[in-house]
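A.B. asks: turn this into a model:
(chains A and B, ligands or ions: 1)
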Amino acid sequence: MRYIEPHAHMVSRVTDDYAAMVTAGCAAVCEPAFWAGFDRGSPQAFHDYFCQLTEYEPRRAAKFGLPHFCWLCLNPKEAEDPGFAREVLALIPQFLDRPNVLGIGEIGLNKNSRNELQVLEWHVDLAARTGQLILVHTPHLEDKFKGTRLTLDVLRADSRIRPERVIIDHVEEHTVKMVLDAGFWAGMTLYPETKCTPARAIDILERYGPERLWLNSACDWGVSEPLVVARTTLEMRRRGWSAEAVDRVIYQNPLRFLSQCPRFKLP
Amino acid sequence: MTRQQVLDLYFLAARHQLIEIAAFLDRVDRAEGEADFRLGAFAAALRCLQEAPPGERATAVLMALSDPTTEPLPKAPGKGAVGAWSGQRLAA
Ligand SMILES: [Zn+2]
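C.D. replies: Below you'll find the predicted structure:
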């Protein structure tokens, strides 16, 4: 079995996770920029984080033979201060040519505030001006439906944005249809208590088809499971999926989307 | 999958989760003090199990727990989410 982990926050995982992922068939890991669990104290802290994502973490992954890619942005949980956000956004362009950078992400909304929306628009503009792929985080729990609608409004309002170059992550039953209907890709995150379970993610795949959907673990410093994409294939097989159908969702789909970035190359 | 296959694969897990919900509600019943808006939202979501159209139950439950408004908030009230919307729903 082979799979691509398109969303994992490896800076907060241990080396055992790298070993286990590679053993399970992981062929590449992609790491969106995210919240550290606390607010960073200065824009310089983001500079250091972007260095970690583009220099140190790919070297750590390479020790396990795993290609490591990343997405850069100011995450939505730290987007309530527009002045601070502007300073962080100004740092991003100098990193965009680094060999493992896939695009701008995970941007989006958290509590669906006006400032978060403004910062989302700035990120979308940056991606459009620099021709980057976009990875969008959608809000948690009660805020997801509203946040997904507001996010789609922002993306559709910018005529430079091509939906096939944008993936909207953490969809569930109540948001997947609006994302796919608008032409975007959709990511399903497999979490123990929130977001999707393997069974529900497979339900969604069976209902809407595998055309523009992928699976990810979004493993980070919280309760999450780095091998859950691999484990989900057990349930697919129990439900009668062929090896080819499984491969399409967990390997070929992320490969197809990510290959739109010329820097995404697997050995 | 046939209905029989779905039952073979998922009945025990669903039974387990159903009893967990029942026991959770019993636990809430035995506890003291006032509940907050989450309990009412939970009850409304439970009704969706019976009232939602076939094949739409998960979506209906998620919607019963979601903020249905469309206006961005003037300011983010902290960072976290609790799993249910605290606002007032207009009567259908
Ligand atoms: Zn994430």
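A.B. asks: and the closest residue to the ion within chain B, how far from A:Ala199?
C.D. replies: Per Cβ to the ion, B:Lys79 is where chain B lies closest to the ion, at 14.2 Å. To be clear about C-beta, it is placed using only N, CA and C from the backbone, and glycine gets the same treatment. Distance of B:Lys79 to A:Ala199, computed by Cβ to Cβ, to the nearest Å: 29 Å.
A.B. asks: and for A:Leu180?
C.D. replies: 20 Å.
A.B. asks: neighbour-wise, which of the two wins?
C.D. replies: Taking neighbours as other Cβ atoms under 10 Å in any protein chain shown, A:Leu180 and A:Ala199 compare with A:Leu180 leading, 20 against 16.
A.B. asks: just say helix, strand or coil for that one.
C.D. replies: Assigned with DSSP: H, G, I helix; E, B strand; the rest coil, A:Leu180 falls in the helix class.
A.B. asks: that one contacts A:Tyr208, correct?
C.D. replies: Yes: counting by Cβ atoms under 8 Å, A:Leu180 touches A:Tyr208, with 6.0 Å between them.
A.B. asks: so which bits of chain A are right by the ion?
C.D. replies: Within reach of the ion by Cβ under 5 Å from the ion, chain A has these residues: A:Phe34, A:Ala218.
A.B. asks: for the stretch 1-150 of chain A, list the residues in contact with chain B, please.
C.D. replies: Counting by Cβ under 8 Å from any Cβ of the partner chain, the residues of the stretch 1-150 of chain A lying close to chain B are A:77, A:80, A:110-117, A:139-146, A:149-150.
A.B. asks: could you rerun that using 7 Å?
C.D. replies: Within the stretch 1-150 of chain A, the residues that sit near chain B (Cβ under 7 Å from any Cβ of the partner chain) are A:77, A:80, A:110-114, A:116-117, A:139-146, A:149-150.
A.B. asks: so what are the domain limits for chain B?
C.D. replies: Chain B breaks down into these domains under automatic domain parsing: B:1-33, B:34-70.
A.B. asks: ranking those by burial, who's on top?
C.D. replies: Greatest average neighbour count among these goes to domain B:34-70 (a mean of 15), per mean count of other Cβ atoms under 10 Å in any protein chain shown.
A.B. asks: so how far is that one from its chain's centroid?
C.D. replies: 5 Å (Cα atoms, centre = their mean, to the nearest Å).
A.B. asks: quick revisit: filter the residues of the stretch 1-150 of chain A next to chain B down to the ones in strands?
C.D. replies: If you go by DSSP state E, these have nothing in strands.
A.B. asks: only the buried subset of those residues, as a PyMOL command please.
C.D. replies: Entered in PyMOL, the line below selects the buried ones among the residues of the stretch 1-150 of chain A next to chain B, by 16 or more other Cβ atoms under 10 Å in any protein chain shown:
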select buried, chain A and resi 77+80+110+111+112+113+116+117+139+140+141+142+143+144+145+146+149+150
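A.B. asks: inside helices: which ones of the residues of the stretch 1-150 of chain A next to chain B?
C.D. replies: A:Arg114, A:Glu116, A:Leu117, A:Lys144, A:Phe145, A:Lys146, A:Arg149, A:Leu150 (DSSP state H).
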